[in-house]
Structure formats: C-alpha cells, structure tokens
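**Student:** predicted model and sequence follow; I will ask about them next.
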Amino acid sequence: MADNENAGAAMPAEIAAMSFEQALAELQELVKRLEKGDAKLDDAIKSYERGALLKQHCEAKLREAQMKVEKIVLGANGSVGTQPADLD
C-alpha cells in the first residue's frame with residue numbers, strides 16, 4: 001500500500017476515533033482474511049480499502065507519538081534540558 005494512497009479520502013469518523021491498538025488489531029484481522037483468499041472480489045476490495053485507511057490511521061498515531069517523545073540532554077554547563085528525539 002502506498003503512503004499517499006487514500007490521501008484525498010476523508011478518514012471515516014469511526015476509524016479516526018480508534019486507538020492505535022484497536023486500528024492495528026482490525027488491520028491484522030483484515031490481512032488474515034485477505035490472505036485466506038476466501039472473500040469475493042468486491043469484499044476483498046472493500047477490505048483492502050478499509051485496511052489502507054487503518055494503516056494510514058496507525059501511521060498518523062505513530063507520528064503523533066514520535067513528536068511527543070523527547071530525549072534528555074546534558075548541556076556543556078551541566079544544565080539539563082530536553083530536545084526532540086531523533087528516531088529515524
């Protein structure tokens with residue numbers, strides 16, 4: 001799934017209200033069902049589209065968490081401060 005896939009689509013309110021853990025669990029279930037290959041084509045496409053939105057939501061939640069993470073630094077004069085963590 002491409003990063004900008006569904007970029008123009010509005011996030012459904014039900015997905016936007018999900019926690020990271022809820023969205024990830026549903027995404028994992030969708031993947032399991034799709035991997036089985038038992039779904040009809042239309043159902044598989046709908047599952048794929050929902051999965052793409054769930055993935056986008058999970059990525060957004062992870063970016064939000066990353067922005068909140070800071071690392072503690074010790075200045076040259078011994079002062080203690082924080083700066084954004086470089087997690088890349």
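**Tutor:** The structure has been received and is ready for your questions. Residues are numbered from 1 along each chain as shown.
**Student:** starting at the chain centroid, how far to stretch 22-38?
**Tutor:** Distance of stretch 22-38 from the chain centroid (CA atoms, centre = their mean, to the nearest Å) equals 15 Å.
**Student:** buried residues, it. List them.
**Tutor:** The neighbour-count check on stretch 22-38 (16 or more other CB atoms under 10 Å) flags A23, L24, E26, L27, L30 as buried. Just so you know, the C-beta spots here come from the backbone N, C-alpha and C atoms, and that holds for glycine as well.
**Student:** got it, and stretch 53-71?
**Tutor:** Applying 16+ other CB under 10 Å to stretch 53-71 flags L53, L54, K55, Q56, H57, C58, K61 as buried.
**Student:** before we move on, back to that, any chance of a markdown table for the buried residues of stretch 22-38, columns distance to V73?
**Tutor:** Below are those laid out as a markdown table (distance: CB to CB, whole Å):
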| residue | distance to V73 |
| --- | --- |
| A23 | 33 |
| L24 | 32 |
| E26 | 38 |
| L27 | 36 |
| L30 | 41 |
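**Student:** A16: which of these is nearest?
**Tutor:** Among the buried residues of stretch 22-38, A23 lies closest to A16 (CB to CB), at 9.6 Å.
**Student:** let me see the mean pLDDT of the host helix or strand of the closest one.
**Tutor:** Secondary-structure element containing A23, defined by DSSP states H and E: helix 20-36. Mean per-residue pLDDT for helix 20-36: 96.
**Student:** packing partners for that helix?
**Tutor:** On a contact count with 3 or more CB pairs under 8 Å, 6 or more residues apart in numbering; DSSP states H and E, helix 20-36 meets helix 41-68.
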